[in-house]
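> this is the structure alone, sequence omitted:
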Ligand code: ADP
Ligand code: MG
C-alpha cells in the first residue's frame with residue numbers, strides 16, 4: 001500500500017509532468033503508476049525494417065519508409081495553396097497539410113489534417129524522416145494520412161525493438177505531444193518505477209495449475225516483448241487473470257446472495273397449474289419442460305429466484321411464463337408480467353387468457369391507454385388480491401399500483417427496462433418477489449456469462465415442432481416489381497406481409513428509404529380496393545399504434561408497413577412474408593428477430609432483404625450469413641465479433657457493465673469459459689476465500705476493480 005502511494009504521482013515520470021499527468025487522468029483514467037502499467041498496447045508493429053517507397057504495393061499493412069521532404073504545402077478547404085504572409089500563417093484557414101517526400105525509389109505524399117501547427121515547422125524541405133503508417137490509395141497513388149514521424153538524425157537513442165506496442169490514445173493526448181512513441185517512452189519509465197512495487201495477484205497454486213507466468217514478467221513483456229513467445233505468455237496470463245477475477249467476483253456475489261436473500265417459499269404446484277397443463281393444445285417441448293422444472297425448483301427453494309430465460313423467437317417462452325405464474329398462484333401469490341410496449345402487453349394478455357380460460361384465474365391488463373375508470377377498478381381488484389396475474393407496460397410500476405401479495409415478476413425483453421424502473425417494481429413487495437427475465441435476444445454465451453454471471457440462466461434451445469424454416473433471400477432495387485407481384489400472390493392466397501424500414505431521422509443525409517415515403521409507395525403499388533395497408537411507427541400515439549396493429553393482427557390489413565417497433569414479440573401467425581428495406585442498416589441479431597415474426601402459422605414463409613446495390617464487404621458477409629442460417633446464437637456470436645460486444649443489440653444504451661482491459665468477450669470466449677470453470681473450482685474448495693492460500697485473491701477482489709456496475713442486476 002505504502003509503496004503504491006509513494007509512486008502514485010505519475011507526473012514525476014520521465015516525459016510526463018503535471019500537464020500530461022492531468023491529461024492521462026482525464027483521457028485514459030490513469031491516476032497512478034500502477035494504473036498506467038495496466039494500460040496495454042492494443043497492437044504491435046514490427047518496425048525493424050524500412051522499405052523503399054516503390055515497394056509499397058498495398059494498403060493492407062503498416063509500412064516504414066525513410067525519405068526526405070521535397071515540398072511542404074498548406075491548403076485551405078477549397079484546395080488553394082496558402083502562402084504564409086510575413087512568415088505568419090493563419091492556421092485557422094488551413095485544412096490540409098501536404099508533404100511530398102522522396103527516397104531513391106520514388107515519391108509519396110504525406111497528408112495531415114490535424115496537429116499542423118506543430119508539424120509545419122518540423123517538416124520542412126531537405127529534412128529526412130522515418131515515416132511509419134498505413135498507406136492509403138488516393139487518386140491512383142499511395143499516400144499516408146497522419147503517419148508517425150521519427151527523426152533519424154536525433155541521435156540513435158534506443159535500437160528499434162522488433163515489436164513495438166501501440167497504445168490507445170486520444171486526440172487531446174496527441175495534441176499534447178503524447179504520441180504512440182512518447183507513450184512508449186513514458187511506459188518504459190513507468191515500468192522501471194512501478195514494477196518493483198507490483199505484487200503478484202494470483203496465488204502460486206493457481207499459476208502452477210494453470211501454467212501462468214508471474215505478473216512481473218507478464219507486465220514487462222506485454223509492454224516490451226522479448227519475442228513472440230514471451231508476448232504470447234504475457235497475454236495469456238493477463239487475459240486469464242482478468243477473466244478469472246471477473247468470474248470469481250460474479251460467482252461470489254451470486255453465492256452471497258443465494259445465502260442471504262430469502263425468497264417466498266412456494267412449495268405447491270396448485271390446481272390451476274395442473275388444469276392448464278392438462279388442457280394444453282400441444283405437448284411441451286423437452287426444453288420447455290426442463291426450464292419449467294428449473295423454475296419450479298427455484299421457487300420452491302425458499303430462496304429468491306433470479307433467473308434469465310433465453311429462447312429464440314417462437315421457442316415458446318409465453319407458455320413458460322404462464323405456468324410459472326400459475327405456480328405463484330397456487331401458493332397464494334400474484335404475478336406481474338411486464339412487456340416493453342403496449343402492443344406486446346395486449347398481445348400477451350390475449351394469449352394468456354386463452355390458456356387460462358378454464359382455470360378461474362383472473363387476469364388483467366394495465367397500460368398507458370387504460371381508461372381511468374377501468375384502471376381504478378383493476379387497481380382495486382389487484383389490491384384486494386382478486387386479480388391473480390396482471391400484464392402490462394411501464395404503467396405497472398407507477399406508485400398507485402399496489403399488490404396484495406406480489407410473488408413473481410416476469411419481465412419480457414428485459415433490456416428495455418432500466419435498473420431504476422426495476423427497483424420501483426421490487427419495492428412493491430415486502431419479501432423480494434421471484435424474478436424471471438425473458439429475452440429473445442440470443443445473447444452469446446460469453447456475453448451472458450458476464451452480463452448475467454450472477455444469475456441463473458435457462459435456455460430453451462428447441463423449437464416447437466412444425467415450424468417451417470423461413471426462406472431468406474436478398475434482392476436489389478430493380479427486382480422490386482417482382483417482389484410486389486409475389487406479395488400480391490400471397491395476399492390473394494389469404495396471407496399477410498410485413499414491410500420494415502430502418503429507423504431514421506428526417507435530417508439524416510444518407511438516402512435510405514424511410515417509412516413515410518415507403519408507405520406512400522406501397523399504397524400506390526397496392527391500391528385500395530382491394531389492398532389494405534396499415535402503418536405503425538414510433539411517432540404515432542400509443543392508441544394509433546394499437547389501432548393499426550390490431551387491424552393487421554385481425555386480418556383487416558394485408559400489409560403492415562412499420563419501423564422496428566414490431567421487432568419484439570409481435571405474433572401474427574397468418575403473416576408469411578417479411579420484407580426488410582435497407583437490411584444493411586440493421587444488426588444481424590435484429591434482422592433475425594424481425595425474420596422470426598414470420599414462419600409461425602404453417603405453410604412456407606419468406607424473408608426478403610431489399611438491399612442496396614453497393615454493399616461493403618462486411619455487410620455482404622452479414623447478409624449472406626443471415627440467408628444461410630436460422631440459428632440465432634450463431635448470428636449473435638457473429639454480430640458480436642463483427643461489431644464488438646458493446647454494440648450488441650440491447651446493450652447499446654447501457655454500455656457494458658465492466659470494461660475489460662485486455663481480454664475480449666467476442667474473441668476470448670474459450671478462455672472465459674475456462675476462467676469461469678476454474679473460478680468455480682476455487683470457490684468450491686474455499687467459498688469464503690478464507691484459506692491462507694487464497695489471501696491474494698481476496699485482496700485483489702477487495703480493490704473493487706471487478707465489481708460490476710448495476711446493469712443486469714435485477715433485484
Ligand atoms: P416466444 O415468446 O418464445 O417468441 P411464443 O411463446 O410466442 O414464443 O410461442 C410461439 C408460438 O409457438 C405460439 O403460437 C405458441 O402457441 C406456439 N407454441 C409454444 N409452445 C409450443 C409447443 N410446445 N408446441 C407447439 N407450439 C407451441
Ligand atoms: Mg414472446
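Arrived safely. Since this is a predicted model, take the numbers as computed values, not measurements. Ligands and ions are numbered 1, 2, ... in the order given.
> which residue ranges of the stretch 451-600 of the chain form strands?
456-460, 470-476, 496-500, 533-536, 559-562, 575-581 (DSSP state E, counting those that start in this stretch).
> what would those strands look like in JSON lines with distance to residue 392 and mean pLDDT?
C-beta here means a position set from N, CA and C on the backbone, and glycine is covered the same way. Listed next are the strands of the stretch 451-600 of the chain as JSON lines, based on distance: least, C-beta to C-beta, whole Å; pLDDT from 0 to 100:
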{"stretch": "strand 456-460", "distance to residue 392": "24", "mean pLDDT": "87"}
{"stretch": "strand 470-476", "distance to residue 392": "31", "mean pLDDT": "95"}
{"stretch": "strand 496-500", "distance to residue 392": "25", "mean pLDDT": "95"}
{"stretch": "strand 533-536", "distance to residue 392": "20", "mean pLDDT": "92"}
{"stretch": "strand 559-562", "distance to residue 392": "22", "mean pLDDT": "93"}
{"stretch": "strand 575-581", "distance to residue 392": "25", "mean pLDDT": "95"}
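> got JSON lines for those, with distance to ligand 1 too?
Output for the strands of the stretch 451-600 of the chain, formatted as JSON lines (distance: least, C-beta to the nearest ligand atom, whole Å):
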{"stretch": "strand 456-460", "distance to ligand 1": "7"}
{"stretch": "strand 470-476", "distance to ligand 1": "14"}
{"stretch": "strand 496-500", "distance to ligand 1": "16"}
{"stretch": "strand 533-536", "distance to ligand 1": "19"}
{"stretch": "strand 559-562", "distance to ligand 1": "18"}
{"stretch": "strand 575-581", "distance to ligand 1": "12"}
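> the ones you listed: which one's closest to residue 61?
With C-beta to C-beta as the measure, strand 470-476 is the member of those nearest residue 61 (32.5 Å).
> what are the buried residues along that closest one?
Residues of strand 470-476 classed as buried by neighbour count (16 or more other C-beta atoms under 10 Å): 470, 472, 474.
> what do you get for stretch 341-356?
Per 16+ other C-beta under 10 Å, stretch 341-356 contains these buried residues: 341-349, 351-353, 355-356.
> mind listing residues that contact the strand ranked longest in the chain?
Longest strand in the chain, counting residues (DSSP state E): strand 63-75. Residues outside strand 63-75 that contact it (C-beta atoms under 8 Å, 6 or more residues apart in numbering) are 47, 49-53, 56, 81-82, 84, 89, 94-103, 107-108, 116, 120, 123-135, 152.
> can you classify residue 208 by secondary structure?
Of the three states, residue 208 takes helix under DSSP: H, G, I helix; E, B strand; the rest coil.
> how close does it get to ligand 1?
The gap separating residue 208 from ligand 1 is 46 Å, by C-beta to the nearest ligand atom, to the nearest Å.
> with residue 236 instead?
Distance from residue 236 to ligand 1, by C-beta to the nearest ligand atom: 39 Å.
> before we move on, the earlier item: dump the strands of the stretch 451-600 of the chain to JSON lines, plus distance to residue 194.
Listed next are the strands of the stretch 451-600 of the chain as JSON lines, based on distance: least, C-beta to C-beta, whole Å:
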{"stretch": "strand 456-460", "distance to residue 194": "39"}
{"stretch": "strand 470-476", "distance to residue 194": "54"}
{"stretch": "strand 496-500", "distance to residue 194": "54"}
{"stretch": "strand 533-536", "distance to residue 194": "58"}
{"stretch": "strand 559-562", "distance to residue 194": "56"}
{"stretch": "strand 575-581", "distance to residue 194": "53"}
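> so where do the helices sit in the stretch 301-450 of the chain?
317-330, 342-356, 372-383, 419-426, 445-451 (DSSP state H, counting those that start in this stretch).
> ligand 1: which of those helices is closest?
Proximity to ligand 1 (C-beta to the nearest ligand atom) singles out helix 317-330 among the helices of the stretch 301-450 of the chain, at 3.2 Å.
> can you give me phi and psi for the spatially closest residue to residue 239 that is not a sequence neighbour?
Using C-beta to C-beta, 6 or more residues apart in numbering and skipping residues adjacent in sequence, the residue nearest residue 239 is residue 663, 4.2 Å away. Backbone torsions of residue 663, given as degrees, to the nearest 10, read phi -80, psi 160.
> residue 47: neighbouring residues, count only.
For residue 47, the neighbour count with other C-beta atoms under 10 Å is 18.
> in this structure it contacts residue 132, no?
Yes. With contact defined as C-beta atoms under 8 Å, residue 47 reaches residue 132; the gap is 6.4 Å.
> so which of the buried residues of stretch 341-356 is the closest to residue 572?
residue 347 (9.2 Å).
> need the residues of the stretch 251-400 of the chain near ligand 1, please.
Residues of the stretch 251-400 of the chain lying close to ligand 1 by C-beta under 6 Å from any ligand atom are 282, 284, 285, 288, 311, 313, 314, 315, 316, 317, 318, 319.
> sec struct for whichever residue of the stretch 601-715 of the chain sits closest to ligand 1, please.
The nearest approach of the stretch 601-715 of the chain to ligand 1 comes at residue 601, 8.3 Å away (C-beta to the nearest ligand atom). Recorded secondary structure, residue 601: coil (three-state DSSP).
> wait, isn't it in contact with residue 575?
Yes. Look at residue 601 against residue 575 with C-beta under 8 Å: they come within range, at 7.4 Å.
> tell me which of these two has more neighbours.
Applying other C-beta under 10 Å to residue 601 and residue 575 shows that residue 575 carries more neighbours, namely 26 against 16.
> show me what contacts the more buried one?
495, 496, 497, 498, 552, 560, 597, 598, 601.
> need the max-distance pair from the residues you listed.
560 and 601 (14.6 Å).
> what's the following helix or strand after the longest helix anywhere in the chain?
As assigned by DSSP state H, the longest helix anywhere in the chain is helix 228-260. Using DSSP states H and E, the helix or strand that follows helix 228-260 in sequence is helix 271-278.
> contact partners of that next one?
322, 323, 326, 327, 329, 330, 355, 356, 358, 359, 360, 361.
> among these, which two are most distant?
Distances among the contacts of helix 271-278 were taken as C-beta to C-beta; the most separated pair is 327 and 358, at 17.4 Å.
> which parts of stretch 116-136 are buried?
116, 119, 120, 123, 129, 130, 131, 132, 133, 135.
> can you pull the contacts of the residue of the stretch 601-715 of the chain closest to ligand 1?
573, 574, 575, 576.
> please list the residues of the chain that sit near ligand 1.
Near ligand 1, when you scan the chain using C-beta under 6 Å from any ligand atom, you find 282, 284-285, 288, 311, 313-319, 440, 464, 571, 600.
> need the buried ones from those selected in ChimeraX.
Buried residues within those, by 16+ other C-beta under 10 Å, are selected in ChimeraX with:
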select :284,285,288,311,313,314,315,316,317,318,319,440,464,571,600
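> residue contacts, residue 200?
214, 215, 216, 696.
> repeat that for 10 Å
206, 207, 214, 215, 216, 696, 700 (C-beta atoms under 10 Å, 6 or more residues apart in numbering).
> quick one: secondary structure of the fifth one?
Using three-state DSSP, the three-state assignment for residue 216 comes out as helix.
> quick one: it from residue 492, how far?
75 Å (C-beta to C-beta, to the nearest Å).
> these two: which is more packed in?
residue 216 (14 against 10).
> ok, the more buried one touching residue 199?
Yes. Applying C-beta atoms under 10 Å, one finds residue 216 in contact with residue 199, separated by 9.2 Å.
> quick check, residue 38 in a strand?
No. Assigned with three-state DSSP, residue 38 falls outside any strand and is coil.
> tell me who's in contact with the nearest residue to it once chain neighbours are set aside.
Leaving out its chain neighbours, the residue that sits closest to residue 38 by C-beta to C-beta, 6+ apart is residue 661, at 6.1 Å. Counting by C-beta under 10 Å, 6+ apart, residue 661 touches 38, 39, 40, 168, 238, 239, 242, 705.
> make a PyMOL selection of the buried ones in those residues.
Here is the PyMOL command that selects the buried residues among the contacts of residue 661 (16+ other C-beta under 10 Å):
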select buried, resi 38+39+40+238+239+242
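> pick out the most distant pair among the contacts of residue 661.
Farthest pair in those, by C-beta to C-beta: 168 and 705, 18.0 Å.
> appreciated, that's everything.
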